[in-house]
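# whatever this is, show me its structure:
(3 chains)
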Amino acid sequence: MSYEATFRVWRGDAEGGELTDFQVEVNDGEVVLDVVHRIQATQAPDLAVRWNCKAGKCGSCSAEINGRPRLMCMTRMSTLPPGETVTITPMRTFPVLRDLVTDVGFNYQKAREIPAFIPPQGVKPGEYRMQQEDVNRSQEFRKCIECFLCQDTCHVVRDHEENKPAFAGPRFLMRMAELDMHPLDAAGDQGLDRKATAQEEHGLGYCNITKCCTEVCPEGIKITDNALIPLKERAVDRKYDPLVWLGSKISRRR
Amino acid sequence: MTTETRPPEAADSTGRGVHSPGRAAIAQRHLRLDRWWLPQVMTAAGLLLFIGYSTWRAFFGLHTSYAAPYVSPFYSPCLAANCPKMDGGADWALFGGWWSLSPALIVLIFPLGFRLTCYYYRKAYYRSFWSSPPACAVAEPHAKYSGETRFPLILQNIHRYFFYVAIPVAGILTWDAILGFRDPQGHWGHMGLGTLVLLVNVSLIWAYTASCHSCRHIVGGRLRHFSKHPVRYRMWTWVSKLNARHMQLAWASLFSVGLADLYVYLLASGAFSDPRFF
Amino acid sequence: MTEVERHGFDVVVVGAGGAGLRAAIEAREQGRRTAIICKSLFGKAHTVMAEGGIAASMGNVNDQDNWQVHFRDTMRGGKFLNHWRMAELHAKEAPERVWELETWGALFDRTKDGRISQRNFGGHEYPRLAHVGDRTGLELIRTLQQKVVSLQQEDFREHGDYEARIKVFQEYTVTRVLKDGDRVSGVFGYQRESGRFFVIEAPAVVLATGGIGKSFKVTSNSWEYTGDGHALALLAGASLINMEFVQFHPTGMVWPPSVKGILVTESVRGDGGVLRNSDGKRFMFDYIPDVFREKYAETEEEGDRWYQDQANNRRPPELLPRDEVARAINSEVKAGRGTPHGGVFLDVSTRLPAEEIRRRLPSMHHQFKELADVDITAEPMEVGPTCHYVMGGVEVDPDTASSCVPGLFAAGEVAGGMHGSNRLGGNSLSDLLVFGRRAGLHAAQYADTAGDDRPVVDQEQIDAAAEEALAPFSADGGENPYGLHQELQQSMNDLVGIIRREGEMEEALQRLATLGERAESAGVEGHRQFNPGWHLALDLRNMLLVSECVARAALERQESRGGHTREDHPAMAAEWRRVLLACSLADKPVPGEGAIVLQRKANPAIREDLLALFGVDELKKYLTEDELPGAEADLPPQRADVDADKKSENGAEH
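All right, here's what the predicted structure looks like:
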């Protein structure tokens, strides 16, 4: 069963562009990316779009479908309102390169600024011992496929370009949480306090926990509840809780 | 079908946010087709309803705050001298006689602060009252945004102290509910609809309090190695399950508090008499 | 003279999947300035699709496991065609490679005592696969990516420049390996974003580009799998071996079209799923070959009893070896008893309670729900064979991963020999790590020896490469590359697919030759900035070269072994085990005859002490009389050999 649909795709580059209409055939069971590919194969061979695995595992085909940040390969046509025009634009938080392709370099730059895992001294490869319950939390965050939809939807940078230097974004604050909860990360031994740097250098305070990152996550990671809020609470431990602060002073003396 | 590119004529001239230079030139502030504003309107309506009702009751409800054996949760503990005499209840005149306003104001600060700094309510009012953001992927109207990095919003970080205070408050409300098993004359072995109302309310208050993100952090979330603290890990697991329903519990307990107060009001004003089970 | 962006490095790694990143990390740790080129964004490589795990005989779950057992399993899986030395190195070094990942931050699932958990998998005698749920590939790629970042942070602290010694070129595509005489001198390619050309001068180039699945219509592979590395190696003068061996997985999704080819794990059948045709018949009972007749159930009742009582019943024929199942599905569809979408039904919904399905097959339940809107607890799945992995690749030295071209190295799926004729599940990720590291190490050492005598990039080659790359723009009114690609995929799928026949392969070669001519005039619209039509036109050259290798080698090999099934030569022949088919570029290609020449090479004899790991009875199935070890002839067969057949039937997965 197939039908004709109207797709309104943003075409252009950093200089400018516009929404362009395409009449295109849609078959039963297809996803948005299939239809974009059909446009590419039959009407606009130079329509720029990123994609790789087409199975929701690589996080390449991020775009905004009817105004909502989504993976094109995971948006079934049957879930969109029938008979209505489907509007597809590139992610609107990052500079556009061409058509649906954006420059996601912001994210790679932020990734570099997060201090990497610090292996514990004196534990040789093969001697790492960790319990499942201790790795569960970080494992959830490592499900991240880096589609950057959370970075795209986060109003802190989406609506305020000037915040980009100061704010790492949900994906990379989650990375900090992941490392802070890693049972063997030895950042503390090196004098690196991930909780404090999350707040002081990576803009944790900008997050006002309005949960759009969690809403758009195609992996269903509870970014806000499990990563950002716990990280905020950990930062509070360090900075605003005299009881915990006192406790940690005393226990360090011992 | 056109493929040529044109300068972004329709773009917002201010050039900020989604209209910043370099981003895809799309004039619309958002392209969402769904009724994205609906949840925000509902949230705002719900919160305003409660604020309106509770303000009226807090300021003017003193003489209808107690209908033995039930006390309105807005007026417990009652810390001023002008409180009604509650047999066995929490009417401790700590503030003495100088306080002439409604005693509810003294104690409501704490649950109010707890809810105001709550991670769920923050989301709710940032979105619905301040449009920051109005909805996901809908451009917000503000020119500047510093989130919770500065005064006053940096004070949101004191949520856990309100949590600490919320525990004794919930304890007192529990005691109030237990007192509901006495009849109006103070004899044990009674239960009326009011007892049930207070019990349901206090259960929801407890569930909301225990599901708090700060609570989750304190009982176990702050630990690095769950495996070394099996009891706290179990508590954390349990709190985490509740925490997943924090939003639902926030609304349920908000309404139950209002309803419990309304019930006491109806009894105290004589509009209704308490159906008695035994 | 063509204007290009120029860089100079010691080692260039082409490909940023598991093998490429591991190679780059090693080369950088050896102190060499290293460039990583990736066709898509950093961290998106096809490695993320791997689910099952990394095979390494750490012995965490069963301490009987060791490298010898792993070696044996690998050789059996590959039907003894594997290069023994690669299989040996792989089995020996895999545990170290996995442990090393932990020191870089990887978080594997754990055993009760806190070690890395290991799971059972088809063809592996013991639980051996280190895993993270069903997203092991993602964990691997992320860990390596983050290790690269940590090395960059180290450089930043030392030199104030993140990219002082390791630089990632994202969305760059290499179209030519450049040479100075016999030696490699660098790479040429284009930048996707701008369409501008670049040259990286380097004495050592590591190919780690993955596989060739995009030449087939139905595949579990992503768009990048266009055989770039295979083709680059050919064009640089290296040879490819074992190209006839392509692994098809019998159960891939066939519907909806968006997910056609995506894998449906073998555990669905292992847990009770049955195959039915459109008449509702469990057709596998009609397809039990004589050699397996004794081992498989003849009635549905008996097959069903096996799930509860495996000791006293024979297994249902749904669990026959992969090629048998794939062939059966093929026949049913061809006989018109397929599903509306050209597959067969795989039904678990009538076999297990819904709750049980959700518990045992969570990822499959999720996959069908999300992608196909099919609730596998209530309705059957539609499945069909899908192209999964190519065993063949660049012929390399087992120890150094270097090809016959000085300075050219290859690791991962693009390298050949390791897996013989069929790869075991889980051996792919360990292969990436073991040989990725070796390639990086030896490329670094090689670059070091170049010293002052560094190869020089030849401007003429740059000009020629640029001209070749720009050709699609000048082909006015040329053919649509998308159409050509579809024809190629259809031809390979139909004619050089799972079941191969002499006549069909001859036809395939003819079609490839015509497609090759038509591809030369493929034209594209628009300009050079991020133009997917252009990119596809350039990838076509690679796919056509590689497809010709597959077809030519498949036509030549007159036996059936592992990932190569000939209908006209259904048996495995010991003489053919001694033969490797090597493809290289013809010096003077005759128009219409294709670009590839095929050469027979001797498969090196297995070292004696390794041969002694097997019982003679087993060796007799694979080796010719004169290859059998004489002295050990009267040793009793080893314990592990008894059920060897049963295990290798499961074959590989993921």
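
# pretty sure C:S584 contacts C:S239?
Yes. Look at C:S584 against C:S239 with Cβ atoms under 8 Å: they come within range, at 4.3 Å. Quick note: C-beta positions are derived from backbone N, CA and C, even for glycine.

# can I get the strand or helix carrying C:A508 as CSV, trimmed to CA atoms?
Following DSSP states H and E, the helix or strand that holds C:A508 is helix C:502-520. Backbone C-alpha positions of helix C:502-520 (Å, rounded to 0.1, in the frame of the first residue of the first chain) are rendered in CSV as follows:
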residue,chain,number,x,y,z
GLU,C,502,28.1,-21.6,-12.2
GLY,C,503,25.8,-20.1,-14.9
GLU,C,504,24.5,-17.4,-12.6
MET,C,505,27.9,-16.3,-11.6
GLU,C,506,29.0,-16.1,-15.2
GLU,C,507,26.0,-13.9,-15.8
ALA,C,508,26.9,-11.8,-12.8
LEU,C,509,30.4,-11.2,-14.2
GLN,C,510,28.9,-10.1,-17.5
ARG,C,511,26.5,-7.7,-15.7
LEU,C,512,29.3,-6.4,-13.6
ALA,C,513,31.4,-5.6,-16.7
THR,C,514,28.5,-3.7,-18.2
LEU,C,515,27.7,-1.9,-15.0
GLY,C,516,31.4,-1.0,-14.8
GLU,C,517,31.2,0.7,-18.2
ARG,C,518,28.0,2.4,-17.3
ALA,C,519,29.4,3.6,-13.9
GLU,C,520,32.2,5.4,-15.7
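
# quick check: C:G384 vs chain A, distance?
Per Cβ to the nearest Cβ, to the nearest Å, C:G384 is found 15 Å from chain A.

# how about the closest residue to chain B within the stretch 51-200 of chain C: what's its closest non-neighbour residue?
Residue nearest to chain B within the stretch 51-200 of chain C (Cβ to the nearest Cβ): C:G114, separated by 8.2 Å. Across the structure, with Cβ to Cβ, 6 or more residues apart in numbering or on different chains as the measure, the residue nearest C:G114 apart from its sequence neighbours is A:R129 (3.6 Å).

# tell me the contacts of the one you found?
If you count contacts by Cβ atoms under 8 Å, 6 or more residues apart in numbering or on different chains, A:R129 has them with C:113-115.

# ditto for C:F345
With contacts defined as Cβ under 8 Å, 6+ apart, the neighbours of C:F345 are C:275-278, C:339, C:380-383.

# with neighbour count and pLDDT added, can I get the residues you listed in a markdown table?
Supplementary listing: those in a markdown table, determined by neighbours: other Cβ atoms under 10 Å in any protein chain shown; pLDDT from 0 to 100:
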| residue | neighbour count | pLDDT |
| --- | --- | --- |
| C:L275 | 26 | 94 |
| C:R276 | 19 | 95 |
| C:N277 | 22 | 94 |
| C:S278 | 14 | 93 |
| C:T339 | 21 | 92 |
| C:P380 | 20 | 93 |
| C:M381 | 25 | 93 |
| C:E382 | 24 | 92 |
| C:V383 | 27 | 93 |
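
# ok, now which ones touch the nearest residue to C:F108 once chain neighbours are set aside?
The shortest distance from C:F108 to any residue other than its chain neighbours is 4.5 Å, reached at C:I116 (Cβ to Cβ, 6+ apart). Contacts here follow Cβ under 8 Å, 6+ apart; on that basis C:I116 touches C:58, C:60, C:98-99, C:102, C:108-110, C:130.

# run a quick neighbour tally on the residue of the stretch 1-150 of chain A found nearest chain B.
Here the residue of the stretch 1-150 of chain A nearest chain B is A:G67; by Cβ to the nearest Cβ that distance is 3.3 Å. Using other Cβ atoms under 10 Å in any protein chain shown as the criterion, A:G67 is surrounded by 23 other residues.

# break the chain down into its domains, please.
In the absence of a named chain, chain A is used. Following automatic domain parsing, one finds the domains of chain A at A:2-102, A:105-253.

# switch to chain C, please.
Chain C breaks down into these domains under automatic domain parsing: C:1-245+C:391-654, C:247-385.

# buried deepest among those, which one?
For these, the stretch with the most neighbours on average is domain C:1-245+C:391-654, a mean of 22; neighbours defined as mean count of other Cβ atoms under 10 Å in any protein chain shown.

# with just CA atoms, put whichever helix or strand A:P69 is part of into CSV.
Assigned by DSSP H and E, A:P69 belongs to strand A:68-71. Presented in CSV, the C-alpha positions along strand A:68-71 are these (Å, rounded to 0.1, in the frame of the first residue of the first chain):
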residue,chain,number,x,y,z
ARG,A,68,10.6,17.9,17.2
PRO,A,69,14.2,16.7,17.5
ARG,A,70,14.2,13.0,16.4
LEU,A,71,16.2,10.3,14.6
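
# can whatever helix or strand comes next after it be found next to chain C?
If you walk from strand A:68-71 toward the C-terminus, the next helix or strand you reach (DSSP H and E) is strand A:86-89. No. Residues of strand A:86-89 are not located near chain C by Cβ under 8 Å from any Cβ of the partner chain, the shortest gap being 14.9 Å.

# identify each buried residue in strand A:86-89, please.
Neighbour-count burial for strand A:86-89, with 16 or more other Cβ atoms under 10 Å in any protein chain shown as criterion, is recorded at A:86-89.

# which one of those is nearest A:A5?
When the buried residues of strand A:86-89 are compared for distance to A:A5 (Cβ to Cβ), A:V86 comes out closest, at 6.4 Å.

# tell me which element the nearest residue to C:V187 once chain neighbours are set aside is part of?
Among residues not flanking C:V187 along the chain, C:V174 sits closest, at 4.6 Å (Cβ to Cβ, 6+ apart). With elements delineated by DSSP H and E, C:V174 resides in strand C:172-180, which encompasses its position.
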